[in-house]
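1. Can you look at this prediction? I've put the sequence above it.
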Amino acid sequence: MTKNFVSSVFQHFTLLRRIKPTTERRPHRVFSPAVYIANVSTSKGRGVFAARQFSAGDVVERCPILVIDEPRCELPEQLKRVVYDWNDQGEINSAIALGFGSLYSHHASPNMCYDVDAEQALLVFKTIRPVQKGEALTVNYSAIDDGPFWDSGDWLTIRNNSPPIKQADVYLKDTGAAKGMGAFASRNFSAGELIEECPVILFKVPFSPPGELRRRVFSWLALVKNGGPYATAVALGFGSMYNHDDSANMRYEADAENATLKFTATRDIKADEELMINYNASTGEGSNEGADWFKRMNVQRIDSDR
C-alpha cells in the first residue's frame, strides 16, 4: 500500500456534534452498502467502487460510528491517526467510522458528499451525481477542516494485487437486549460459507484501547502467529459490530497478506438470525467457555440472551 492511498484511507473530519453511544437502543436498520473494494491501480492500492448504478441523491452507505469519550489530543499516538474529531457544542471528543466510511478515496470533483445522522449514530454518504456500476466512489477531503492528516510510515502493508472484497449480506439493528445493536444475516448461509471479509486497522505494541473501543478490538498477534509488530486490529465493514456468544455461529481468521479478517459460518444460519463470534476465542474459533478476554480487557460480559 502506498502513502498516497493510505493518506486517502484515514482522514480527519470535524463533525457537527457527538452522537449517542453505539450500544444505546435505536429502532433503525443499517444494510450492507452496494459497494465493493478493489485495486484502484498498482500505484494507489485499494478503493471503494459502486456495485450497481446510483442516481443523484441516492444513499450509498450509512456508516456506524464508535464514539470515544476523549479528545484526539489525549488518545494514544497510534489511535490519533485514525479517529475523527467530534465536536459536541464545544466539547471535543473522538470517533471511528466503521463500515467503509474510512476507505473512500479523495477527488477534487467527487461523486459523493456526506452528512451526520447524530440521532442514529451514523455517517451518511450520498451521491451528488449519477454514478455508474464499477465507478470509484469518492469524497473531497478539501471540504473537511484541516484535510488529510494521516501519514502511513510502515504502519500498514498489503499487496497491490489483493483480490476484490464484496459487500456482505448482513444488516444491523437493535437486538432488543442490553447489548444494543447487533449484526444479522440478510439471507441463509451454509456451514463453512464466508459471510464477510473485513479490512482492518492495525496497531503496534504497545497499545491500550480506550473506552468502548476495548470491546471492539481483535488480537491480531494471536491470529497471525508470526510474532510481527502488529498486536491489535479494528475491523471495518461490520466486523467490529458482531456480538459475543458461546457457542457462536461464526468463526474468524486473519488474512495477514491482505490485511483482512474473514468471518465464516460454523453451522447453517437462517436469514434474520443474529451473527455472533466468541470474544474469548482469541484465535477465532466459535467455542470457548472461558472468560480470560473479558478479564484482560476489563469489560463486562454480556451473553447472547441479555
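-> Good, I have the coordinates.
2. how much space between the closest residue to Leu194 other than its chain neighbours and Tyr279?
-> Nearest in space to Leu194, with sequence neighbours left out and distances taken as Cβ to Cβ, 6 or more residues apart in numbering, is Thr264 at 5.6 Å. Bear in mind the C-beta positions are built from the backbone N, C-alpha and C, glycine included. In this structure, Thr264 lies at 17 Å from Tyr279, with Cβ to Cβ, to the nearest Å as the measure.
3. Which one of the two is surrounded by more residues?
-> Counted by other Cβ atoms under 10 Å, Thr264 and Tyr279 do not tie: Tyr279 has more neighbours, with 23 against 18.
4. Which stretches in this structure count as helices?
-> For the chain, applying DSSP state H gives helices covering 3-7, 77-80, 220-224, 292-297.
5. Who are the packing partners of the second one?
-> For helix 77-80, the packing partners by 3 or more Cβ pairs under 8 Å, 6 or more residues apart in numbering; DSSP states H and E come out as strand 194-204.
6. ditto for the third one
-> Other helices and strands packing on helix 220-224, by 3+ Cβ pairs under 8 Å, 6+ apart, are strand 230-235, strand 250-255.
7. would JSON lines of the ones you listed with mean neighbour count and mean pLDDT be doable?
-> Below are the helices and strands packed on helix 220-224 laid out as JSON lines (neighbours: other Cβ atoms under 10 Å; pLDDT from 0 to 100):
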{"stretch": "strand 230-235", "mean neighbour count": "22", "mean pLDDT": "85"}
{"stretch": "strand 250-255", "mean neighbour count": "21", "mean pLDDT": "93"}
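8. Throw the ones you listed into a markdown table and include distance to Leu172, thanks.
-> Putting the helices and strands packed on helix 220-224 into a markdown table (distance: least, Cβ to Cβ, whole Å) gives the following:
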| stretch | distance to Leu172 |
| --- | --- |
| strand 230-235 | 14 |
| strand 250-255 | 15 |
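9. Of all those strands, which one comes closest to Pro209?
-> With Cβ to Cβ as the criterion, Pro209 lies closest to strand 230-235 of these, at 6.9 Å.
10. Any chance you could list what contacts that closest one?
-> Contacts of strand 230-235 from elsewhere in the structure, counted by Cβ atoms under 8 Å, 6 or more residues apart in numbering, are 82, 96, 198-207, 209, 213, 216-221, 223-224, 240, 254, 261.
11. Next, work out how far apart Pro64 and Gln120 are.
-> Remark: distance between Pro64 and Gln120 (Cβ to Cβ) = 9 Å.
12. likewise Asn188?
-> Where Gln120 is concerned, Asn188 sits at a distance of 28 Å (Cβ to Cβ).
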